[in-house]
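*Asks:* predicted model and sequence below, questions to follow.
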Amino acid sequence: MSRTLSRDVSSQILQSLGTGIYIYSRCGVWVLVLILTIGWIIFLPCYIPVHVLLQGHNKLRKRLERALVESICSFFVASWTGVVKYHGPRPCERPKHVFVANHTSMIDFIVLEQMTAFAVIMQKLHGWVGLLQSTILESVGCIYFNRSEAKDREIVARKLREHVEGTDNNPLLIFPEGTCVNNNYTVMFKKGAFELGATVCPIAIKYNKIFVDAFWNSRKQDISFQNSFSLCRQSFTTHLLQLMTSWAVVCDVWYLEQQNMKPGETTIEFA
């Protein structure tokens, strides 16, 4: 009798726990969507007047735009229930310095941007991300390229050198791996980031997979978000929704000691 009662109680507890998890997974997502929506409601009415009305006051406009971009990135991280711990001194504006980081997902940019408004070199994309690139992200000095255009390499290389030489530009951030890697290892860095004659400041990003795998494989063939049986390419929007429906995105960021090329060292060896 006591065994049966104990089994029934355990079963009820497990059912209640399962129901609680189900309710949280359904209701919690809408709370996180609301957080992100509030972020945009605050951001857009502030950003548009600053960007349009302060054209003749570049220093003030850049300072305000930088703060606003950092704030909207913070709302994005909050919408994933993000827990990010930063180690080391916060990056600052310094000429002849370039920051390089390993690359797991496009959210790497958001995780780093909420702390410091970096000017990032990135591939030109389509859709709503492309719209943000051509408007908001352009205001912090981001540089774009198209992999299919060979002439873009020369243009980007020139822009990178000009940006590094500038004194009032936001810190330059490059992901030298050139693609998203699953955060278990790094691949050989491409040498372009190390040919600028600048001091290199490494950044290491490590995600804890206990709640969700932050790796975004843009070529991945997976079941669609609507649970249909057709295979589809995982879009960045789907990736963000996956993060929002997880328990938390846990991440550590290390700002490492700056490095300079040694005498006689080639850019490939330095990379």
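*Replies:* Perfect, I can see it now.
*Asks:* who are the packing partners of the lengthiest strand in the chain?
*Replies:* For the chain, the longest strand by residue count, based on DSSP state E, is strand 199-208. Under the contact criterion of 3 or more C-beta pairs under 8 Å, 6 or more residues apart in numbering; DSSP states H and E, strand 199-208 touches strand 97-101, helix 107-113, strand 249-255. Yep, even glycine has a C-beta here, placed from its N, CA and C like the rest.
*Asks:* which of the residues in that strand are classified as buried?
*Replies:* Within strand 199-208, the residues that count as buried by 16 or more other C-beta atoms under 10 Å are 199-203, 205, 207.
*Asks:* if we can go back for a sec, for Val69, find the nearest of the helices and strands packed on strand 199-208.
*Replies:* Taking C-beta to C-beta as the measure, those were each checked against Val69, and helix 107-113 came out nearest at 6.5 Å.
*Asks:* now the closest one - C-alpha only, CSV.
*Replies:* Presented in CSV, the C-alpha positions along helix 107-113 are these (Å, rounded to 0.1, in the frame of the first residue of the first chain):
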residue,chain,number,x,y,z
ILE,A,107,25.5,36.0,-32.2
ASP,A,108,29.2,36.3,-31.4
PHE,A,109,28.9,39.8,-32.8
ILE,A,110,26.0,40.6,-30.5
VAL,A,111,27.7,39.2,-27.4
LEU,A,112,30.8,41.3,-28.0
GLU,A,113,28.8,44.4,-29.2
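*Asks:* list the buried residues of whatever helix or strand comes next after that helix.
*Replies:* Note on helix 107-113: by DSSP states H and E, the next helix or strand toward the C-terminus is strand 119-123. By 16+ other C-beta under 10 Å, the buried positions in strand 119-123 come out as 119-122.
*Asks:* will you turn the residues you listed into TSV that also has distance to Arg61?
*Replies:* Shown next, in TSV, are the buried residues of strand 119-123 (distance: C-beta to C-beta, whole Å):
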residue	distance to Arg61
Ala119	15
Val120	19
Ile121	22
Met122	22
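*Asks:* of these, which pair is most distant in space?
*Replies:* Ala119 and Met122 (10.1 Å).
*Asks:* so what sits against both of the two?
*Replies:* Common neighbours of Ala119 and Met122 (criterion: C-beta atoms under 8 Å, 6 or more residues apart in numbering): 142-143.
*Asks:* that's a helix at His239, yeah?
*Replies:* Yes - counting by DSSP: H, G, I helix; E, B strand; the rest coil, His239 is found in a helix.
*Asks:* gap between the closest residue to it other than its chain neighbours and Val249?
*Replies:* Leaving aside its sequence neighbours, His239 sits nearest to Trp216 (C-beta to C-beta, 6 or more residues apart in numbering; 4.7 Å). Distance from Trp216 to Val249, counting by C-beta to C-beta, to the nearest Å: 12 Å.
*Asks:* do the same with Asp213
*Replies:* According to C-beta to C-beta, Asp213 and Val249 sit 10 Å apart.
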